[in-house]
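In: Got a sequence here, can you build the structure:
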Amino acid sequence: MDKKIIHTALAVLMSLGAAACSSGGNEEPGISQEEYKAQQAAAELSKAENTAKTKSESSILYSEQAKTSAAKAKDYITKALAATDSAEATKYADLAAKAIAEADGAIKNAEADAKDSDKAAALVNSSTTNSYASAAAVALQEAKNTTTNLSTLNNTVSDHVTKLKEQETDAIELANFKVSTTNYSYKRPDSVVHNYADVAKRDVLLAEIKKNENLVAGGTSCAAGTAGNPGECFGGGKLGKTAGSREGEVVPGKTKGTVLGSYAQAYSGYAVIREAYDGNADSNVGDANAYLALADSNNLVKDKKLVTDATYTGTASYTLNGNTAVRTDLLTMNVKDDSISGNVYRTTTSGKGVTSTKTYVQFRTAGISIDDVSGVVGFNGKAFIDTSAKSVTGTSPKTTSDAANGTYQGVFAGPNAKEVVGTFETNSNIEKSVRGAFAASK
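Out: Numbers count the residues shown, from 1 in each chain. Coordinates of the predicted model:
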């Protein structure tokens, strides 16, 4: 190659390099370093202005979201506080907590974007960018104002839910206690049954009576009964000289609260408890005995489908006219088509070998249902009760001065509703009262 050409090319390349050096290293040949820096600064300001605007808009959007969530939270809190049952209150409390969390999250995002908008506006320091930052700050403060005290209000909701649950628990315990005794004893303020209003105490009593010998129908666990004193016995001790006397009582049973006798099954049973006694047959101290139906609180039936057609057999114990003596007879209860009925009876055999059955209490057909308060499957219905321990016979019992109307109630207990337990009594207007309890299993 011609040496002259080579020298010319080198000269051109050197001149280009010198020009590049004079431009300060920018990408636009021919632009001075000062001009390049000015362009870069303008670009940065434009970027900052855009950031101030977009971050402001984003912050305002988050603030609006926070206000919307806060409004929802307040609405849910109002509904929760107005709720009268814990399930509904809990539902709205959960929704309120979720809305509060959403509001808090939106506030945090709004704060972050407002901070970025303010930082960018400070770089530009123009009325336009400052207005962006100011708008974001105003919206953020408004949002914060709407969320003030939300957590405190939600704590009030939590307290309300707790209170409702406590009230419901108390109501359930009260409902279960009420069905565990006679209406007479329940309404009697000084009744010994109120010592067992706590379900835990009833569970303890049930465990205790399982250790005892069961009352036996017909009084066969002690001295044979007679026409005037049909086998009213407990653990070998007869409580009265006659069925109608409070005199001559022997141990056990003199002290109020003493368990005179009981009948226990795997998951339920009943106890006869000394109520009041002063040794005077003419004194008006109320019933001498109280009856308490007991069901293991962990084995109460709450699924109605478990109660199927079946026959239950067991015993019933009861007191006539408030006296000390307690009579125990056989019991059969029948469940059919979501209804229950039964009879308390005694079967005897004469010296000639003739067997006869006398019915003393008829439990009329009653529907089986789930209690609205306790959720326990049970029943309550009318009863036809003989008040003199003579007999009530036939499907349509004879009406005599010794036959009276009454009621019975009970619950199911155990796996597959294996057992039934409850109480019965004459109506309050019946002068010759009868009160008792029953338990049976299938």
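In: only C-alpha atoms for contact and neighbour calcs from this point on.
Out: Noted.
In: pLDDT score for the nearest residue to residue 84 once chain neighbours are set aside?
Out: The shortest distance from residue 84 to any non-neighbouring residue, by CA to CA, 6 or more residues apart in numbering, is to residue 164 (7.2 Å). Listed pLDDT for residue 164 reads 96.
In: List the buried residues for the helix or strand harbouring residue 164?
Out: Element membership for residue 164, per DSSP states H and E: helix 150-178. Judged by neighbour count using 16 or more other CA atoms under 10 Å, the buried positions of helix 150-178 are 150, 153-154, 156-158, 160-161, 164-165, 168, 172-178.
In: again, but for stretch 360-376
Out: So for stretch 360-376, counting by 16+ other CA under 10 Å, buried means 360-371, 374-376.
In: pLDDT on it, on average?
Out: For stretch 360-376, the mean pLDDT works out to 96.
In: picking that back up, what helices and strands are in contact with the helix holding residue 164?
Out: In terms of contacts (3 or more CA pairs under 8 Å, 6 or more residues apart in numbering; DSSP states H and E), helix 150-178 is packed against helix 33-82, helix 86-124.
In: To residue 270, which of those lies closest?
Out: Closest approach to residue 270 among the helices and strands packed on helix 150-178 (CA to CA): helix 86-124, 32.9 Å.
In: other SSEs contacting the closest one?
Out: If you count contacts as 3+ CA pairs under 8 Å, 6+ apart, helix 86-124 packs onto helix 33-82, helix 127-147, helix 150-178.
In: so where's this protein shaky on pLDDT?
Out: Applying pLDDT under 70 to the chain picks out residues 1-30, 219-254, 276-285, 389-403.
In: Would you map out the domains in this structure?
Out: 1-31, 33-164, 179-441 (automatic domain parsing).
In: which residues sit in contact with the closest residue to residue 329 other than its chain neighbours?
Out: The shortest distance from residue 329 to any non-neighbouring residue, by CA to CA, 6+ apart, is to residue 217 (4.2 Å). By CA atoms under 8 Å, 6 or more residues apart in numbering, the contact set of residue 217 is 315-316, 328-330, 346.
In: again, 7 Å this time
Out: By CA atoms under 7 Å, 6 or more residues apart in numbering, the contact list for residue 217 reads 315, 328-330.
In: Can you lay out these as CSV showing secondary structure?
Out: As requested, the contacts of residue 217 are exported to CSV (DSSP: H, G, I helix; E, B strand; the rest coil):
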residue, secondary structure
315, strand
328, strand
329, strand
330, strand
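In: For the residues you listed, which single residue is the most surrounded?
Out: In terms of neighbours by other CA atoms under 10 Å, those top out with residue 328 at 28 neighbours.
In: Checking residue 359 next. Helix, strand or coil?
Out: Here residue 359 takes the strand state, with states given by three-state DSSP.
In: Residue 344 is in contact with that one, correct?
Out: Yes: applying CA atoms under 7 Å as the test, residue 359 and residue 344 come out as touching, 5.8 Å apart.
In: on that earlier part again, could you single out the nearest of the contacts of residue 217 to residue 144?
Out: The nearest member of the contacts of residue 217 to residue 144, counting by CA to CA, is residue 315 at 69.7 Å.
In: Wait, that closest one touches residue 437, no?
Out: No: the pair residue 315 / residue 437 is not scored as a contact, 8.6 Å apart, by CA under 7 Å.
In: ok but residue 430 is inside a strand, no?
Out: No: secondary structure of residue 430 (three-state DSSP): coil, not part of a strand.
In: what's the nearest residue to it if we skip its chain neighbours?
Out: In space, and not counting its chain neighbours, residue 430 is closest to residue 404: 7.0 Å by CA to CA, 6+ apart.
In: picking that back up, got the helices and strands packed on helix 86-124 as CSV, with distance to residue 387 columns?
Out: Formatted as CSV, the helices and strands packed on helix 86-124 follow (distance: least, CA to CA, whole Å):
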stretch, distance to residue 387
helix 33-82, 50
helix 127-147, 70
helix 150-178, 24
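In: Would you mind telling me which of those is nearest residue 197?
Out: helix 150-178 (5.7 Å).
In: now the closest one, how far from the centre of its chain.
Out: Helix 150-178 sits 9 Å away from the centroid of its parent chain (CA atoms, centre = their mean, to the nearest Å).
In: Kindly report the same for stretch 344-352.
Out: Averaging C-alpha positions (CA atoms, centre = their mean) puts stretch 344-352 47 Å from its chain's average.
In: Stretch 346-355 too?
Out: Its chain's C-alpha centre and that of stretch 346-355 lie 51 Å apart, by CA atoms, centre = their mean.
In: what about dumping the CA coordinates of it to PDB?
Out: Taking only C-alpha atoms (Å, rounded to 0.1, in the frame of the first residue of the first chain), the coordinates of stretch 346-355 have been written out as PDB:
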ATOM      1  CA  ARG A 346     -94.300 -54.100  88.800                       C
ATOM      2  CA  THR A 347     -94.700 -57.800  88.100                       C
ATOM      3  CA  THR A 348     -95.700 -60.100  91.000                       C
ATOM      4  CA  THR A 349     -96.400 -63.800  91.200                       C
ATOM      5  CA  SER A 350     -99.000 -65.100  93.700                       C
ATOM      6  CA  GLY A 351     -98.700 -68.100  95.900                       C
ATOM      7  CA  LYS A 352    -100.700 -70.000  93.300                       C
ATOM      8  CA  GLY A 353     -98.200 -69.100  90.600                       C
ATOM      9  CA  VAL A 354    -100.300 -66.500  88.900                       C
ATOM     10  CA  THR A 355     -98.300 -63.600  87.500                       C
END
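In: quick one: buried residues of that stretch?
Out: Under the neighbour-count criterion of 16+ other CA under 10 Å, stretch 346-355 has residue 346 buried.
In: got TSV for the contacts of residue 217, with distance to residue 33 too?
Out: Formatted as TSV, the contacts of residue 217 follow (distance: CA to CA, whole Å):
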residue	distance to residue 33
315	111
328	116
329	116
330	115
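In: what number of residues lie near residue 382?
Out: 20.
In: so is the residue lying closest to it once chain neighbours are set aside in a helix, a strand, or just coil?
Out: Of all residues not flanking residue 382 in the chain, residue 407 sits nearest, at 4.3 Å (CA to CA, 6+ apart). Secondary structure, three-state DSSP: residue 407 is strand.
In: wait, what's in contact with the nearest residue to residue 129 once chain neighbours are set aside?
Out: Spatially, and ignoring its direct neighbours in sequence, residue 129 is nearest to residue 121 (4.8 Å; CA to CA, 6+ apart). By CA under 7 Å, 6+ apart, residue 121 lies in contact with 48-49, 52, 129-130, 133.
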